[in-house]
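Chemist: Dropping a prediction and its sequence here:
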There are 2 protein chains.
Amino acid sequence: MNSLKQMDRGALSDALDHSGQRTTPQRETVFSVLLDQRDHPTADEVYARTKSRMPTISIATVYNCLETLVSCGLVKQVNIEREPTRYCPNLSPHAHFHCRETGRVYDVPVPSGMMQELAGVLPGEYEADSVELVFRGHLAKGKTK
Amino acid sequence: MNSLKQMDRGALSDALDHSGQRTTPQRETVFSVLLDQRDHPTADEVYARTKSRMPTISIATVYNCLETLVSCGLVKQVNIEREPTRYCPNLSPHAHFHCRETGRVYDVPVPSGMMQELAGVLPGEYEADSVELVFRGHLAKGKTK
DNA sequence: ACATAGTTTAGAATTATTCTAAATCAAATT
DNA sequence: AATTTGATTTAGAATAATTCTAAACTATGT
Ligand SMILES: [Mn+2]
Ligand SMILES: [Mn+2]
Ligand SMILES: [Zn+2]
Ligand SMILES: [Zn+2]
């Protein structure tokens, strides 16, 4: 039994249906792992967490499921330097902050007006369908969040 | 003989000195390769171009030189999805545009006011020392630039 | 000249990711 | 219900960018 809420289960099967893919226990479980702990895990971390709920799953399937979720728009890949890809189920417009000290990645909400402005810096011939905004630095003392 | 202009040669030795590293023919040549063709080459591409000017250089040295140039602030790494790291000697504030069709990466100037605004979206406890802004999409027809 | 430390180099090692091919599963059709 | 068909899962092999290792080389300071 995975811990998908009814709402999320619906969003999942809608998105999968819409892209002609099936809803499977593996995909549900991987998705629920991402929704339950929103700390931008790597594929290996997703694998470890998923295995505790579904011990027979393989790392290849985790990669497959993550790719499927990305391809149907429910999950975003987060590319941080040369580190392994991380996965983020936050669909609202946001940036990422990567702490050099802890390695953790945080969501930073970005007002949608700001996203508009960003698109505005592009000369006319550039037609962007996505924007990735990553800050790097450190968190002020105390606030480990 | 590499093709570094006097100005760039000066910037290079200053930056290297400042970070306690030596100016070497390999570092000069790699730097000149980056300055001569500003198309965000990968390490392999830099290797190929550098070899034509300095046939004995090794790929390990190219990686070492690139890392040295990055560490002393003369070159920026550009991370595009899961692709190999690219290198950019443009020190002015700019974003990158990655064309899905051709794979090419273009510099997009960003007004410094925009960079200020971007920093403004960060809550107080986040102290950023760098911002990476990457657009992805395609170039409108005709304009291959 | 000699000692020292920095740099270069070839090749081995690492590692995230992708690929391959066989096994499993599930929807559709008979 | 049995059969077909195509999608999915799986283990393991393969790939490829990058890093590591240790030896050779180079430059610098005494
Ligand atoms: Mn911190
Ligand atoms: Mn294009
Ligand atoms: Zn996120
Ligand atoms: Zn650039």
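Modeler: Looks like it came in fine. Ligands and ions are numbered 1, 2, ... in the order given.
Chemist: Tell me the residues of chain A that contact DNA strand C?
Modeler: When proximity is defined by CB under 7 Å from any atom of the strand, chain A lies next to DNA strand C at A:22, A:24, A:42-44, A:59-60, A:63, A:67, A:84-85. (C-beta placed from N, C-alpha, C; glycine too.)
Chemist: Narrow those to those in helices?
Modeler: Under the assignment DSSP state H, the residues of chain A next to DNA strand C contribute A:43-44, A:59-60, A:63, A:67 to helices.
Chemist: Got a ChimeraX select line for the buried ones in the residues you listed?
Modeler: Paste this into ChimeraX to select the buried members of these, with burial taken from 16 or more other CB atoms under 10 Å in any protein chain shown:
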select /A:43
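Chemist: Among the ones in helices among the residues of chain A next to DNA strand C, give me the pair with the biggest separation.
Modeler: A:44 and A:67 (15.0 Å; CB to CB).
Chemist: So which residues on chain A come close to DNA strand D?
Modeler: In this structure, chain A approaches DNA strand D at residues A:21-22, A:24-27, A:56-61, A:64-65, A:68, A:82, judged by CB under 7 Å from any atom of the strand.
Chemist: how far away is the residue positioned nearest the centre of chain A from residue A:35?
Modeler: For chain A, the residue whose C-alpha lies nearest the mean C-alpha position (CA atoms, centre = their mean) is residue A:88; its distance is 1.5 Å. The gap separating residue A:88 from residue A:35 is 11 Å, by CB to CB, to the nearest Å.
Chemist: just checking, residue A:128 touches residue B:139?
Modeler: No: because the distance of 10.3 Å does not satisfy CB atoms under 8 Å, residue A:128 is recorded as not touching residue B:139.
Chemist: who does the host helix or strand of residue A:46 touch, helix- and strand-wise?
Modeler: When elements are defined using DSSP states H and E, residue A:46 is found to belong to helix A:43-53. For helix A:43-53, the elements it packs on are helix A:25-36, helix A:59-71, judged by 3 or more CB pairs under 8 Å, 6 or more residues apart in numbering or on different chains; DSSP states H and E.
Chemist: contact partners of it?
Modeler: Helix A:43-53 is touched from outside by A:2, A:26, A:29-30, A:32-34, A:37, A:41, A:57, A:59, A:62-63, A:66, A:84-85, A:87, with contacts defined as CB atoms under 8 Å, 6 or more residues apart in numbering or on different chains.
Chemist: Distance from that helix to the middle of the chain?
Modeler: A distance of 15 Å separates the C-alpha centroid of helix A:43-53 from that of its chain, computed with CA atoms, centre = their mean, to the nearest Å.
Chemist: what is the mean pLDDT for it?
Modeler: Averaging the model's pLDDT scores along helix A:43-53 yields 97.
Chemist: Equivalent analysis for stretch A:72-89, please.
Modeler: Averaging pLDDT along stretch A:72-89 yields 95.
Chemist: swap in stretch A:27-38?
Modeler: Predicted confidence along stretch A:27-38 averages 98 (mean pLDDT).
Chemist: quick one: is that stretch near ligand 3?
Modeler: No: using CB under 5 Å from the ion, stretch A:27-38 stays clear of ligand 3, with a minimum separation of 7.4 Å.
Chemist: Using PDB, write out every CA atom in that stretch.
Modeler: As requested, C-alpha coordinates have been extracted for stretch A:27-38 and formatted as PDB (Å, rounded to 0.1, in the frame of the first residue of the first chain):
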ATOM      1  CA  ARG A  27       4.900   4.300 -10.700                       C
ATOM      2  CA  GLU A  28       2.400   5.000  -7.900                       C
ATOM      3  CA  THR A  29       4.900   4.100  -5.300                       C
ATOM      4  CA  VAL A  30       7.800   6.100  -6.800                       C
ATOM      5  CA  PHE A  31       5.400   9.100  -7.100                       C
ATOM      6  CA  SER A  32       4.300   8.800  -3.500                       C
ATOM      7  CA  VAL A  33       7.900   8.600  -2.400                       C
ATOM      8  CA  LEU A  34       8.500  12.000  -4.100                       C
ATOM      9  CA  LEU A  35       5.400  13.500  -2.700                       C
ATOM     10  CA  ASP A  36       6.000  12.300   0.900                       C
ATOM     11  CA  GLN A  37       9.400  13.800   1.400                       C
ATOM     12  CA  ARG A  38      10.100  16.800  -0.800                       C
END
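Chemist: residues of that stretch that come out buried?
Modeler: The neighbour-count criterion (16+ other CB under 10 Å) identifies A:27-35 as the buried residues of stretch A:27-38.
Chemist: Stretch A:61-73 now?
Modeler: Along stretch A:61-73, these residues count as buried under the neighbour rule (16+ other CB under 10 Å): A:61-62, A:65-66, A:68-69, A:72.
Chemist: All set now, cheers.
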